[in-house]
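Enquirer: this one's sequence-less:
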């Protein structure tokens, strides 16, 4: 089933960490397996990278902590070696880290070099995007990663009921559009031409960390945008090129978009005001951040909507 | 043997009616009001049942429904229920008799399998509005999503605004009145019944054809829209079943032989 949510503040930064937590927690019944956040903080010159070094549910054999410690040191070592000036490296969990650093080179070699460390996956990379995802409900993930104080302009989130792939961090949404900075996607539905698109994108050099069909949407869109298309045009093309049922949300550094498939098979409720746009699989999630009665509507089939900051 | 789980599958097996409603005398009998902001779905429904069935109150208002799901489901009595706000999914399903007025919007599958009564929604509704409707009137003053009245078997669905794709999909009996535009695949695979459209039709579904409006249709439309004070569009078009799918044709010899 899965639940997705998005929020964009059009009048300056707001408390998106706490807001997205409330939105996702109110949809816990749609997916209790894992919860994920893609949050956009204030843009900075520094790059911010979120990585995981292991999965929380994997067997913790002898020397688990020492191995993670060793891999963390390896990450620092490799960042220095590739020419990145590390600002802060901080771990919310012993298997999940947030690194800020100064780096002017290409992001793909950097991400590949990091992921060459055993067990390492780059969850997000960009100047303002931060993806936090872990097992458990939205509140417990927010508590573990201390998201309550996170302020920013826009965010998307996802509560997952796993149907197509494993229950682990790699299978959790949102997905970062490796290796393009500051783009992320959450998706509710199933893609039926996933394998075709995955092979196609792999031939252009992209890596996929999970068996999850949603992972290709982010890369698919980012590649089109890299080729010069606008976000809206790329999303419109996806309606014809992606098969299956889907409602997905995509975020970039300055915009939030939503697309619905031609069957309108997955729900989405939309609330729009001059200050705020909030959208979610259920109205109850929007009401979790807006205390009064609101006017909402469901976008129709094949609709693509994009809001700019 | 002791049962250690709730065999009915209820999330709140031990919920009790919270008894929070205030009851005041009204012109037509007592009127009850309660605030649902801090109540769970089951508590709201139990309180509604207590007031309508046990107390015999025929006028109940629910404040702050907070877009919760599955509110006012399975009410099988004549009563006036006012929902002072928006509901989530599966609102007012399986009802038989009540007149329900929702002052906000509703999510997917409102009035699913409704048997009789009236349901009026002041704003928009999601997809699958009036799915498998058996009788009564479902009125949405705003827009509705896709597949309104899927598998409808009676009653009337009236939409003041636009409707999405596959409206009247597998309609078996009853009528739909859409004052605005409708999406693609209108009346796809409908068996019977009629769909009236005031605006544009994106495309017709399989075996849905346009028919002539009769004086009886005009009378029906004027009467129904008059009851709910909905502004009628400039003109109407009527769509019915083409009856091509009622029988197997020569292109399906194997099926035809099997059936005959």
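Expert: Nice, I can see it. Model, not experiment: these values are computed from the prediction.

Enquirer: Spell out which helix or strand contains the residue lying closest to residue B:18 once chain neighbours are set aside, please.
Expert: Using CB to CB, 6 or more residues apart in numbering or on different chains and skipping the chain neighbours, the partner closest in space to residue B:18 is residue B:43 (5.0 Å). Heads up, the C-betas are built off the backbone N, CA and C, glycines and all. Here residue B:43 sits within helix B:41-49, counting by DSSP states H and E.

Enquirer: Against which helices or strands is that helix packed?
Expert: With contacts taken as 3 or more CB pairs under 8 Å, 6 or more residues apart in numbering or on different chains; DSSP states H and E, helix B:41-49 sits against strand B:59-63.

Enquirer: same thing but at 10 Å, please
Expert: strand B:29-35, strand B:59-63 (3 or more CB pairs under 10 Å, 6 or more residues apart in numbering or on different chains; DSSP states H and E).

Enquirer: of these, which approaches residue B:180 most closely?
Expert: Between residue B:180 and the helices and strands packed on helix B:41-49, the tightest spacing by CB to CB is seen for strand B:59-63, at 28.9 Å.

Enquirer: between the closest one and helix B:41-49, how big is the angle?
Expert: With axes from the mean of the first three to the mean of the last three CA atoms, to 10 degrees defining the directions, strand B:59-63 sits at 160 degrees from helix B:41-49.

Enquirer: How are the strands of the stretch 151-260 of chain B distributed by residue range?
Expert: Along the stretch 151-260 of chain B, the segments classed as strands by DSSP state E, counting those that start in this stretch run B:153-159, B:173-178, B:194-197, B:208-211, B:237-241.

Enquirer: care to break chain A down by domain?
Expert: Here chain A is described, according to automatic domain parsing, as comprising the domains A:3-43+A:128-308, A:44-127.

Enquirer: ranking the ones you listed by burial, who's on top?
Expert: domain A:3-43+A:128-308 (a mean of 21; mean count of other CB atoms under 10 Å in any protein chain shown).

Enquirer: Residue B:20 is in contact with the residue nearest to residue B:18, correct?
Expert: Yes: counting by CB atoms under 10 Å, residue B:20 is a contact partner of residue B:43 at 8.7 Å.

Enquirer: From chain B, how far off is residue A:240?
Expert: 15 Å (CB to the nearest CB, to the nearest Å).

Enquirer: And the pLDDT for the residue nearest to residue B:18?
Expert: You'll see residue B:43 listed with a pLDDT of 95.

Enquirer: for it, what are its contacts?
Expert: Applying CB atoms under 10 Å, 6 or more residues apart in numbering or on different chains to residue B:43 gives the contacts B:12, B:15-18, B:20, B:34, B:36.

Enquirer: what's the overlap in contacts for residue B:43 and residue B:20?
Expert: B:34, B:36.

Enquirer: how about the residues of the stretch 201-309 of chain A near chain B?
Expert: A:260, A:262-269, A:281-288, A:291-302 (CB under 10 Å from any CB of the partner chain).

Enquirer: can you rerun that using 7 Å?
Expert: Contact residues (CB under 7 Å from any CB of the partner chain) of the stretch 201-309 of chain A with chain B: A:264, A:267, A:269, A:282-284, A:287, A:293, A:295-298, A:300-301.

Enquirer: Give me the subset of these that lies in helices.
Expert: Those of these mapping onto helices are A:283-284, A:287, per DSSP state H.

Enquirer: so which of those comes closest to residue B:107?
Expert: Nearest to residue B:107 among these: residue A:283, at 5.9 Å, using CB to CB.

Enquirer: Report the contact partners of the closest one.
Expert: Going by CB atoms under 7 Å, 6 or more residues apart in numbering or on different chains, residue A:283 touches A:269, A:296, B:67, B:86, B:88, B:107.

Enquirer: Can you pick out the most distant pair from these?
Expert: Using CB to CB, the contacts of residue A:283 reach their maximum pairwise distance at A:296 and B:88, which is 10.8 Å.

Enquirer: and stretch B:184-204, which residues are buried?
Expert: For stretch B:184-204, burial by neighbour count (16 or more other CB atoms under 10 Å in any protein chain shown) applies to B:184-190, B:193-199, B:201, B:204.

Enquirer: so which of these comes closest to chain A?
Expert: When the buried residues of stretch B:184-204 are compared for distance to chain A (CB to the nearest CB), residue B:184 wins out at 7.9 Å.

Enquirer: any low-confidence regions in chain B?
Expert: Across chain B, the ranges flagged by pLDDT under 70 are B:1-9, B:260.

Enquirer: so what pLDDT did the closest residue to chain B within the stretch 51-200 of chain A get?
Expert: Closest approach between the stretch 51-200 of chain A and chain B, counting by CB to the nearest CB: residue A:188, at 13.3 Å. Note on residue A:188: pLDDT of 94.

Enquirer: wouldn't it be in contact with residue A:5 here?
Expert: No: the pair residue A:188 / residue A:5 is not scored as a contact, 10.2 Å apart, by CB atoms under 7 Å.

Enquirer: Need the overlap of contacts for the two.
Expert: Here residue A:188 and residue A:5 have no joint contacts, going by CB under 7 Å, 6+ apart.

Enquirer: Kindly reformat the domains of chain A as JSON lines containing distance to residue B:71.
Expert: Formatted as JSON lines, the domains of chain A follow (distance: least, CB to CB, whole Å):
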{"stretch": "domain A:3-43+A:128-308", "distance to residue B:71": "11"}
{"stretch": "domain A:44-127", "distance to residue B:71": "37"}
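
Enquirer: what's the closest non-adjacent residue to residue A:125?
Expert: Nearest to residue A:125 is residue A:49, by CB to CB, 6+ apart, at 4.8 Å.

Enquirer: so what's the one you found bridging to?
Expert: Beta bridges link residue A:49 to residue A:99, residue A:125, judged by DSSP bridges.

Enquirer: what's the spacing between it and residue A:217?
Expert: 21 Å (CB to CB, to the nearest Å).

Enquirer: Can you tell me which residue of the stretch 1-150 of chain A sits closest to chain B?
Expert: Among the residues of the stretch 1-150 of chain A, residue A:29 lies closest to chain B, at 8.5 Å counting by CB to the nearest CB.

Enquirer: Where does that residue sit: helix, strand or coil?
Expert: Residue A:29 falls in the helix class when you classify it by DSSP: H, G, I helix; E, B strand; the rest coil.

Enquirer: Do you know the pLDDT at it?
Expert: pLDDT at residue A:29 comes out at 90.

Enquirer: For the closest residue to residue A:44 other than its chain neighbours, give me its contacts.
Expert: Leaving aside its sequence neighbours, residue A:44 sits nearest to residue A:127 (CB to CB, 6+ apart; 6.1 Å). By CB under 7 Å, 6+ apart, the contact list for residue A:127 reads A:43-44, A:47, A:181-182, A:253.

Enquirer: Now do the phi/psi pair for residue A:127.
Expert: When read as degrees, to the nearest 10, the backbone of residue A:127 gives phi -90, psi -20.

Enquirer: does the closest residue to residue B:217 other than its chain neighbours have beta-bridge partners, and which?
Expert: Residue nearest to residue B:217 in three dimensions, not counting chain neighbours: residue B:238, with 6.0 Å by CB to CB, 6+ apart. Going by DSSP bridges, residue B:238 is paired in beta bridges with residue B:196, residue B:211.

Enquirer: re the thing from before, including mean neighbour count and distance to chain A, could the helices and strands packed on helix B:41-49 go into CSV?
Expert: Shown next, in CSV, are those (neighbours: other CB atoms under 10 Å in any protein chain shown; distance: least, CB to the nearest CB, whole Å):
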stretch, mean neighbour count, distance to chain A
strand B:29-35, 17, 13
strand B:59-63, 21, 10
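
Enquirer: For the ones you listed, give me TSV that also has distance to residue B:123.
Expert: Conversion of the helices and strands packed on helix B:41-49 to TSV gives the following (distance: least, CB to CB, whole Å):
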stretch	distance to residue B:123
strand B:29-35	21
strand B:59-63	16
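
Enquirer: Many thanks, have a good one.
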